[in-house]
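**Student:** with the input below, show me the fold.
(one chain, ligands or ions: 1)
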Amino acid sequence: MQSKDIRAKFIEFFESRGHTFVPSSPVVPNDDPTLLFANAGMNQFKPIFLGQKQPEVLRAVNSQKCIRAGGKHNDLEEVGKDGYHHTFFEMLGNWSFGDYYKKEAISWAWELLTGVYGLPKEKLHATVYKTDQEAYELWKSETDIIPEHITFHGDKDNFWEMGDTGPCGPCSEIHFDRGAASCEKHGSPGHVCEVNGDCSRYIELWNLVFIQYNRDSEGSLNPLKHSYVDTGAGLERICQVLQDVSSNYDTDLFSRLLSTIATLSGKPYSEETGISHRVIADHIRSLCFALADGGFPSNEGRGYVLRRILRRAARHGRLLGFFEPFLWKLVDTLIEQMGDHFTELKGKTDFIKMVIKAEEERFNKTLDTGLTKFSELTAKDASTISGADAFMLYDTFGFPLDLTQLLAEEKGMQVDTAGFEEEMTKQRERARAASKFALQQDDEDWVVLSDCTNTEFLGYTGYTCDSRICRYCLKEGGLIHFVLDKTPFYAESGGQIADSGTVSSEDYEISVSDVRKTESAYIHIGKLERGIITSKVAKAVINESLRRDTARNHTATHILHKALRDCLGESVQQKGSLVTADYFRFDFTHFQALTDEEIAIVEAQVNEIIRQNRSVFTRIMGIEDAKASGAMALFGEKYSQEVRVVQVDSYSSELCGGTHVSSSGEIGLFRIKSESSSAAGIRRIEGVTGRAAYADTKADQALLKELAALLQSNPTQLKTKLENTLEQIHKQNQEIRALKEKLIGFDIDQLLSLAEDTGDYKLIKAILPADTDLKLYRDLLASRITGTIAVLITASSGNVSLVSVVSKDLIPRYSAGKIVQALCTVLDGKGGGKPDFAMGGGKDNGKLTVLLDSLSQYINPIQ
Ligand code: SER
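**Tutor:** Numbers count the residues shown, from 1 in each chain. This is a model prediction of the structure:
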């Protein structure tokens with residue numbers, strides 16, 4: 001049975017028993033910091049076991065990508081030595097989230113292995129945890145396993161834990177007896193083959209874990225709310241047994257990889273001589289899956305484990321005679337083999353190849369010098385490589401410890417690993433103390449293709465050129481940094497942003513989004529769109545239309561600078577600028593905002609120079625000559641002895657390294673969009689030119705049209721139409737007021753008729769509708785009352801507004817201001833005003849009714 005059928009049958013078997021297929025989680029678990037890599041199928045279900053998440057289904061089945069190369073489950077050093085250790089493997093599993101338990105888990109596992117896969121019952125053995133009598137009885141009652149094949153074991157073999165912390169529980173394992181001939185210790189005195197013994201006759205096929213506890217960081221076991229089933233069966237081992245071969249590496253999962261390695265190296269694979277073949281075949285699987293899931297080689301954490309895996313594989317490549325990068329050539333074979341089930345691999349082929357190849361290139365370089373160093377060290381007559389030497393090999397030559405150990409082993413020597421760890425700790429402390437360390441490490445990441453270190457900039461005269469990549473460096477997130485020997489790309493400087501574009505050859509294509517300048521080299525930053533980087537000649541092409549737009553804006557800032565000085569005076573000095581393809585920003589010294597008129601004059605002047613189509617040219621001059629000629633320089637900027645002067649004919653002359661139009665007419669149109677303050681004493685003008693200015697003008701025109709349409713007019717008659725409309729609105733407002741007054745007049749008649757006579761004055765009080773115009777009431781009331789005090793209130797959404805009017809004849813004995821103040825205090829608000837009229841506001845705090853009933857208490861004569 002082929003591996004893909006074995007996988008499919010496992011999934012079908014459990015699907016037909018009510019399980020839902022859940023795809024493998026990424027092998028790089030970005031959401032679990034306690035875990036380096038997914039190391040078991042249950043990882044993605046951890047929150048369910050811990051009661052932090054409700055399961056979406058009660059039964060699940062899956063085939064999980066696992067890497068065991070660090071942390072609690074680490075098989076890295078064992079890989080290659082035998083036929084069944086792996087860093088990467090697939091784990092088939094079924095789960096019950098508080099649904100079925102031991103009985104079904106055991107009987108279904110038995111049914112699948114013996115019924116569906118047809119394994120001989122007499123070759124199967126079961127282990128149970130030392131205290132798990134229940135599982136023991138179930139094996140006896142639910143299956144027809146030979147009863148003597150059920151054995152009890154302790155914590156080491158039959159208590160499964162995910163890591164130092166996390167879900168765990170007793171387990172029951174199923175082992176397969178490969179026969180006495182598979183025992184490498186057969187016949188050794190005192191050796192007895194047994195399950196969980198020390199030979200490879202019995203191999204574990206499937207682990208049924210009965211999750212019951214959570215191990216906390218103190219090491220205590222805390223019972224979980226529910227019991228869960230978590231099983232895991234290594235696909236590679238099941239394939240070995242079902243395909244009746246003596247090693248996982250002889251299954252169809254590895255055959256294509258091993259034969260590609262044999263073809264590329266010219267060294268055929270055999271079980272006896274194939275350690276390096278196995279290491280490489282295993283490690284390339286880890287690398288491809290980890291990179292496809294977002295891993296990336298680096299100097300720490302997961303990235304460091306990947307780097308070690310790659311270096312271990314590359315080192316074994318040397319043993320097979322590979323002196324050039326070769327691992328990347330295995331990527332296609334692996335993806336062909338696995339891509340149908342793990343579709344995430346597809347579409348990432350080039351990226352994976354590139355990252356692997358870049359790492360190999362770097363490692364090969366250090367390996368050569370490192371191996372020489374290693375020979376020197378081992379030439380000394382000693383049996384141990386000191387910790388300091390092992391660390392030097394690691395730190396300077398990139399030798400992982402296990403590589404040094406491997407090489408030492410070959411020479412019959414040992415490595416002082418404790419001493420190495422001590423050095424490692426010291427280095428970590430140094431790294432913490434000097435944050436620069438990270439930068440130095442970054443520098444190491446360059447893959448050097450040629451020794452050119454300078455970039456020749458050809459972008460003043462052309463938009464494209466032939467060039468070669470001298471070195472490159474892959475960054476996380478799919479970005480690539482690279483240096484070209486010649487480039488048309490302008491690197492961000494002097495306020496002008498970098499060019500974008502593409503660099504492509506028959507081998508690769510990179511889209512460039514940014515360019516930075518170092519002392520001598522241009523670092524291009526982009527995304528590898530296709531292929532593998534090589535040093536072959538490539539075409540570097542910038543985005544011409546964006547470059548032209550940028551040039552229009554840049555030359556326009558020079559003309560603007562001069563126009564500002566002409567209009568506002570020589571005190572104007574440039575303080576900074578930003579020149580992009582879409583717009584520009586120009587900061588300059590000036591102590592007050594520009595008036596609309598000044599802005600108009602400056603804008604008109606720049607456009608005049610544009611229309612005059614002045615020629616723009618550059619000259620290289622000595623700095624002193626340039627200054628003497630009146631070229632403007634940025635105050636405080638450091639210039640070299642030779643400078644580039646950009647002239648717009650005789651109008652403007654500035655020191656500048658940027659790219660410009662060749663005559664001012666190319667700018668087309670210049671518009672100032674805003675004038676504002678950027679800092680104390682510094683003004684900022686933002687504007688547009690060329691295409692953007694035209695688009696802006698069109699947008700204004702469209703807006704005018706739209707506004708005219710709203711008024712059922714056209715742009716030329718819009719002003720008259722708007723004036724007429726406003727006049728009409730004004731008239732209508734007047735009419736509305738007159739009508740309102742008339743209406744309110746009726747209300748006021750009523751209010752007057754309801755006035756209470758307190759003896760000293762007449763009191764009008766009323767709560768009016770929320771939208772009442774209180775001011776209008778006040779005006780109309782004031783003209784009609786004598787001997788009267790009025791308090792009018794509106795209330796809406798918890799807020800209260802009130803006015804008080806006191807008739808002229810009661811002043812100065814009574815004051816509306818005082819009355820409003822007193823009332824507002826009760827209503828938790830504020831108010832006040834004049835003796836004859838005042839307004840205020842407060843909260844509808846439940847006191848309004850009482851207040852109105854006892855209103856006269858708050859209206860006291862002034863003593
Ligand atoms: N979690 C268990 C294991 O990894 C069973 O899946 O072996």
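
**Student:** for the closest residue to residue 459 other than its chain neighbours, give me its contacts.
**Tutor:** Nearest residue to residue 459 in three dimensions, chain neighbours excluded: residue 488, at 4.2 Å (Cβ to Cβ, 6 or more residues apart in numbering). Where C-beta positions appear, they are placed from N, C-alpha and C, glycine not excepted. Going by Cβ atoms under 8 Å, 6 or more residues apart in numbering, residue 488 touches 457-459, 462-465, 499, 501, 540-542.

**Student:** and residue 488, backbone torsions?
**Tutor:** phi -90, psi 0 (degrees, to the nearest 10).

**Student:** and it, how far is that from residue 511?
**Tutor:** Noted for residue 488: a distance of 15 Å to residue 511, by Cβ to Cβ, to the nearest Å.

**Student:** go on, residue 692?
**Tutor:** Residue 692 is 23 Å from residue 511, by Cβ to Cβ.

**Student:** more neighbours: which of these two?
**Tutor:** residue 692 (22 against 16; other Cβ atoms under 10 Å).

**Student:** what is the least confident helix or strand in this protein?
**Tutor:** The weakest-scoring helix or strand in the chain, judged by mean pLDDT, DSSP states H and E, is helix 437-444 (a mean of 38).

**Student:** sheet-wise, list the partners of the next helix or strand after that one with their directions.
**Tutor:** Following helix 437-444 in sequence order, the next helix or strand is strand 447-448 (DSSP states H and E). Under the criterion DSSP bridges, strand 447-448 sits next to strand 469-474 (antiparallel) in its sheet.

**Student:** any residues touching the strand it pairs with, and which ones?
**Tutor:** Under Cβ under 8 Å, 6+ apart, the answer for strand 469-474 is 296, 354-355, 358, 442, 445-453, 480-485, 503, 521, 528, 533-535, 538.

**Student:** can you check stretch 291-310 too?
**Tutor:** Contacts of stretch 291-310 (Cβ under 8 Å, 6+ apart): 26-28, 30, 36-37, 65, 69-70, 76, 87, 283, 286-287, 290, 327, 342, 344-345, 348, 351-352, 355-356, 359-360, 363, 400, 402, 441, 474, 476.

**Student:** let's see 7 Å
**Tutor:** 26-28, 30, 36-37, 69-70, 76, 87, 283, 286-287, 290, 327, 344-345, 348, 352, 355-356, 359, 400, 441, 476 (Cβ atoms under 7 Å, 6 or more residues apart in numbering).

**Student:** could you measure residue 23 against residue 677, distance?
**Tutor:** When residue 23 is compared with residue 677 (using Cβ to Cβ), they lie 56 Å apart.

**Student:** need the three-state assignment for whatever residue of the chain ends up closest to the ligand.
**Tutor:** Going by Cβ to the nearest ligand atom, the ligand is nearest to residue 232 of the chain, at 2.4 Å. Secondary structure, DSSP: H, G, I helix; E, B strand; the rest coil: residue 232 is strand.

**Student:** so who does it touch?
**Tutor:** 40-41, 91, 93, 207.

**Student:** the ligand next: which of those are close?
**Tutor:** 40-41, 93, 207 (Cβ under 6 Å from any ligand atom).

**Student:** out of these, which is nearest to residue 767?
**Tutor:** Checking those against residue 767 with Cβ to Cβ, the nearest one is residue 41 at 72.0 Å.

**Student:** which ones are touching that closest one?
**Tutor:** With Cβ under 7 Å, 6+ apart, residue 41 has these contacts: 62, 64, 91, 93, 232.

**Student:** which ones among those map onto strands?
**Tutor:** Among the contacts of residue 41, the subset assigned to strands under DSSP state E consists of 62, 64, 91, 93, 232.

**Student:** circling back to that earlier point, show me the two of the ones next to the ligand among the contacts of residue 232 that sit farthest apart.
**Tutor:** 41 and 207 (10.2 Å).

**Student:** what mean pLDDT does stretch 21-32 get?
**Tutor:** Computed over stretch 21-32, the mean pLDDT rounds to 89.

**Student:** buried residues in that stretch, which are they?
**Tutor:** 22, 24-29, 32 (16 or more other Cβ atoms under 10 Å).

**Student:** how about the strands in the stretch 401-550 of the chain?
**Tutor:** Ranges of strands within the stretch 401-550 of the chain are 414-415, 447-448, 456-457, 464-467, 469-474, 479-484, 486-487, 501-504, 508-517, 522-531, 538-542, based on DSSP state E, counting those that start in this stretch.

**Student:** in this structure, which residue is most central in space?
**Tutor:** residue 477 (8.4 Å; Cα atoms, centre = their mean).

**Student:** might you report the residue contacts of the nearest residue to residue 90 once chain neighbours are set aside?
**Tutor:** Closest residue to residue 90 apart from its sequence neighbours, by Cβ to Cβ, 6+ apart: residue 235 at 4.0 Å. Residues in contact with residue 235 (Cβ under 7 Å, 6+ apart) are 3, 6-7, 63, 89-90, 92.

**Student:** same check, this time on residue 369
**Tutor:** Contacts of residue 369 by Cβ under 7 Å, 6+ apart are residue 397.
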